[in-house]
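1. Would you be able to build a 3D model of this:
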Amino acid sequence: MTSVIGAGAFGTALAISLARDGSEVTLWARDAAQVAAMSATRENAARLPDLGFPDALKVTGDVESLPEGPVLLAVPMQKLRAALQDLPDFGARPLVACCKGIELTSRLSPVQVIGDVRPGARAAILTGPSFAQDIAKGLPTALTLACDDDDTGRDLQTTLTTANIRLYRTVDVPGAEIGGAVKNVMAIACGAAIGAGLGESARAALMTRGYAEMLRMALAIGARAETLAGLSGFGDLTLTCTSRLSRNYRYGLSIGEGAPFDPSVTVEGAATARALQARARAMRLDMPITDAVVGLIDGSRTVKEAMTDLLSRPLKEE
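-> Below you'll find the model as predicted:
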């Protein structure tokens, strides 16, 4: 039995996929009206319309009724701490973060936030290249399950693998987390370049040098280079920087085009860019694309100015 906290698109998609094979899954939502609507219609019409719930999926607003088993935390990165503080003690049940980024106030990663709020919790993170619609539709998806306790990781890998979701396991939690965080920042950069009409070559350059920044930060915090070459790094970077289904990429497009962006849409990369920049400066790491994205977000740089800054950097070996 598995519980999913958060009935947004991704949380709902995971619940649908897990329940499709007949596994008992409970999807929790805070809003009573949303719970009532999903229970009555057997779908999340606001987030994943026309994708019905399997019979094994139960919707609830009573957090105390969640069954034994893993708890998937499908809430935005910047709301993870508050969610954990509001939730009851889940005892020995594993807590799996299903968000990507760095907390702006503390500069901590998802698993670090779990450990900060719930010391001693068996924490893990589910990350990698995925869109909610693909998962909910049953399309093939491969993800990374990172947990520093290998026995817990093995159990979660078995429990959370479904007919359409293949999980690869790693104990390199920092590597998996930094890949998911940095790729959102780079997606904003790539979207801005395409939106401003700078072309596909510029996007390719930003993705490649963005990967270099990702790897630079990863190695500095003790992560493994091979983790970043996998699903949680290179794989997620590729998907997020090239698809309009990515909210971070669309946000970047709006910056490049000079168009308004829906403020109700969560853009994890915006807060993460600022947190990543602060962390990099404290560690004396050079991350020029991250700096450029922060400038685009706060309005201190135009896309043309940011690209000029990047192109005028001192020449060096790759």
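2. List phi and psi for the spatially most central residue of the chain.
-> By C-alpha atoms, centre = their mean, the chain has its centre lying nearest to residue 100, at 2.9 Å. With angles defined as degrees, to the nearest 10, residue 100 sits at phi -130, psi 140.
3. For it, give me the pLDDT.
-> In this model, residue 100 is scored at 98, pLDDT.
4. Identify the bridge partners of residue 2.
-> Beta-bridge pairing for residue 2 (DSSP bridges): residue 25.
5. check contacts around it.
-> Residues in contact with residue 2 (C-beta atoms under 8 Å, 6 or more residues apart in numbering) are 18, 23, 24, 25, 26, 69, 70, 71, 72, 159, 160. C-beta here means a position set from N, CA and C on the backbone, and glycine is covered the same way.
6. Now do the helices in the stretch 51-200 of the chain.
-> For the stretch 51-200 of the chain, helices defined by DSSP state H, counting those that start in this stretch occupy the ranges 80-86, 110-117, 132-137, 150-160, 173-195, 200-220.
7. From the contacts of residue 2, which one has the minimum pLDDT?
-> For the contacts of residue 2, the pLDDT minimum is residue 23, 92.
8. Distance check, it against residue 244.
-> To residue 244, residue 23 is 32 Å away according to C-beta to C-beta, to the nearest Å.
9. Looking at those two, which has the bigger crowd around it?
-> It is residue 23, of residue 23 and residue 244, that has more neighbours when counted by other C-beta atoms under 10 Å, with 17 against 10.
10. how many other residues sit next to the nearest residue to that one once chain neighbours are set aside?
-> Spatial nearest neighbour of residue 23, chain neighbours left out: residue 56 (6.0 Å); criterion: C-beta to C-beta, 6 or more residues apart in numbering. By the criterion of other C-beta under 10 Å, residue 56 has 17 neighbours.
11. just residue 131 next, same as before
-> By other C-beta under 10 Å, 18 other residues sit near residue 131.
12. picking that back up, quick one, which of the helices of the stretch 51-200 of the chain is packed in tightest?
-> Highest mean neighbour count among these (mean count of other C-beta atoms under 10 Å): helix 173-195, with a mean of 29.
13. Make JSON lines out of the helices of the stretch 51-200 of the chain and add distance to residue 37.
-> Shown next, in JSON lines, are those (distance: least, C-beta to C-beta, whole Å):
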{"stretch": "helix 80-86", "distance to residue 37": "21"}
{"stretch": "helix 110-117", "distance to residue 37": "29"}
{"stretch": "helix 132-137", "distance to residue 37": "17"}
{"stretch": "helix 150-160", "distance to residue 37": "27"}
{"stretch": "helix 173-195", "distance to residue 37": "30"}
{"stretch": "helix 200-220", "distance to residue 37": "39"}
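14. returning to that earlier point: list the contacts for the residue nearest to the centre of the chain?
-> 77, 110, 127, 177, 180, 181, 183, 184, 236, 268, 272.
15. next one: residue 138
-> Residues near residue 138 by C-beta under 8 Å, 6+ apart: 17, 20, 163, 164.
16. What are the structural domain limits within the protein?
-> Following the TED database, the chain resolves into domains at 2-171, 181-312.
17. first vs last residue of the first one, how far apart are they?
-> Read it as domain 2-171. In domain 2-171, first residue to last residue: 22 Å (C-alpha to C-alpha, to the nearest Å).
18. Check the offset of that domain from the chain's centre.
-> Relative to its chain's centre, domain 2-171 lies at 12 Å (C-alpha atoms, centre = their mean, to the nearest Å).
19. Also the last one?
-> Here the centre of mass of C-alpha atoms in domain 181-312, compared against the chain's by C-alpha atoms, centre = their mean, lies 14 Å away.
20. can you tell me the average pLDDT over that domain?
-> 97.
21. End to end on that domain, go ahead and measure it.
-> Terminal residues of domain 181-312 are spaced 26 Å apart (C-alpha to C-alpha).
22. Could you pull up the contacting residues of the residue nearest to residue 23?
-> Counting by C-beta under 8 Å, 6+ apart, residue 56 touches 19, 20, 22, 23, 24, 25.
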